[in-house]
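Fold the following and give me the result.
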Amino acid sequence: MLDSTLFSGPSWEPTWERSEQTQGYMSEVTALQVDGDRKNPASATSTRSTTPVANAGKYFKTALGTSAAAAVVSEAKMPAGMKQIASVYSQPISQWVKYMLLTSDNTQAEYLARLVSLKQGFDGSFNSLNAAIKMGLNATMLSSANLTIKDGSGLSDFNSITPKYLAQFSKLVLSGVGNYAVIYQGLPIANESGSLASRFNKENLDAAGKIIAKTGWIKRGYTLSGIIKSKDGVDLVFAVYAHGKVDDTTKLAIDNFVTAVYRCGDSLSNN
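This next block holds a predicted model:
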């Protein structure tokens, strides 16, 4: 029996394009799946299916070998009183956060959002995320009144978070206090790691290792937000959005701009 009822509601956000699934950027959001439901688990952007729960059951049955040859696998809520014969525990959530930030794993971002929802007493559905995540952000002391949160991954065109908010949040991350240190440790580094590993090279190579930031991409925009260890030794926070018709030249334009800020340093700050 495959019980995937931990999260409520639909498993796909209606404002997402299905190409995100077929091109391997996002799976159905189900509480039970294996390796983000990738057809090829070794490939980060492998095609995803529309039946991740059933696929997980097939993997499990195969892993059990001949002892499960006659087993019938079905999807249902587990009845009360069933006997537990084995359990598996995940990596600490701090490791989830670091991996998600470093690799921009959309499925993992959605799972983390669902766990926030459940932690705040909601049902783990898409509809719960706006209220649940804002409750989680209360500890930042930043006003979330003007935020609109449709999902955990940022794939929806109807998310709305201002660059100013992200810059202010980056300032908290830079402080390295408490759980903000986990976020800092997970951010990609220019020309070194994660989704920034291949960026800030050639003319921007002097900023390599000095831009510590989260990348963002949907078909209608690129973003970059985080921390600049500027040339003159001053730490700056920033957020850059480029909306509209975008391509790889847009990313390069963002990198050029951020590198220029790195070179200017304190002369561009509010100090």
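
Can you classify Ile212 by secondary structure?
The three-state label given to Ile212 by DSSP: H, G, I helix; E, B strand; the rest coil is strand.

Show me where the stretch 1-150 of the chain has its helices.
Secondary structure of the stretch 1-150 of the chain (DSSP state H, counting those that start in this stretch): helices at 19-22, 52-64, 93-103, 106-119, 129-137.

Compare those helices and report which one is nearest to His243.
Among the helices of the stretch 1-150 of the chain, the nearest to His243 by Cβ to Cβ is helix 19-22 (18.2 Å). Every C-beta, even on glycine, is put in place using the N, C-alpha and C of the backbone.

If you count neighbours, what's buried in that closest one?
Across helix 19-22, burial judged by 16 or more other Cβ atoms under 10 Å covers 20-21.

Could you export it as PDB, keeping only the C-alpha atoms?
C-alpha atoms of helix 19-22 as PDB (Å, rounded to 0.1, in the frame of the first residue of the first chain):
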ATOM      1  CA  SER A  19       7.100  21.600 -20.200                       C
ATOM      2  CA  GLU A  20       8.800  22.000 -16.700                       C
ATOM      3  CA  GLN A  21       7.900  18.300 -16.200                       C
ATOM      4  CA  THR A  22       8.700  17.000 -19.600                       C
END
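
how close does Gly176 get to Thr249?
Separation of Gly176 from Thr249 (Cβ to Cβ, to the nearest Å) stands at 34 Å.

most packed of the helices of the stretch 1-150 of the chain?
Of all the helices of the stretch 1-150 of the chain, helix 106-119 has the most neighbours on average by mean count of other Cβ atoms under 10 Å, namely a mean of 21.

isn't Pro163 right up against His243?
No. Between Pro163 and His243 there is no contact under Cβ atoms under 8 Å: 10.8 Å.

Can you name every helix or strand that the longest helix along the chain contacts?
Once the chain is assigned using DSSP state H, the helix that runs over the most residues is helix 248-264. Contacts defined by 3 or more Cβ pairs under 8 Å, 6 or more residues apart in numbering; DSSP states H and E place helix 248-264 against strand 211-218, strand 221-229, strand 235-243.

In the sheet, which residues pair with the closest residue to Lys251 other than its chain neighbours? Tell me.
Leaving aside its chain neighbours, Lys251 sits nearest to Tyr222 (5.6 Å; criterion: Cβ to Cβ, 6 or more residues apart in numbering). Using DSSP bridges, the bridge partners assigned to Tyr222 are Trp217, Ala242.

ok, now which ones touch Tyr222?
Residues near Tyr222 by Cβ atoms under 8 Å, 6 or more residues apart in numbering: 215-216, 241-242, 246, 250-251, 254.

from those residues, which would you call buried?
Neighbour-count burial (16+ other Cβ under 10 Å) applied to these gives 215-216, 242, 246, 250-251, 254.

what residues are up against His243?
220-221.

What separation do you get for it and Gly216?
11 Å.

And the residue nearest to Lys251, how far from Thr22?
Going from Tyr222 to Thr22 by Cβ to Cβ gives 22 Å.

Cheers, nothing more for now.
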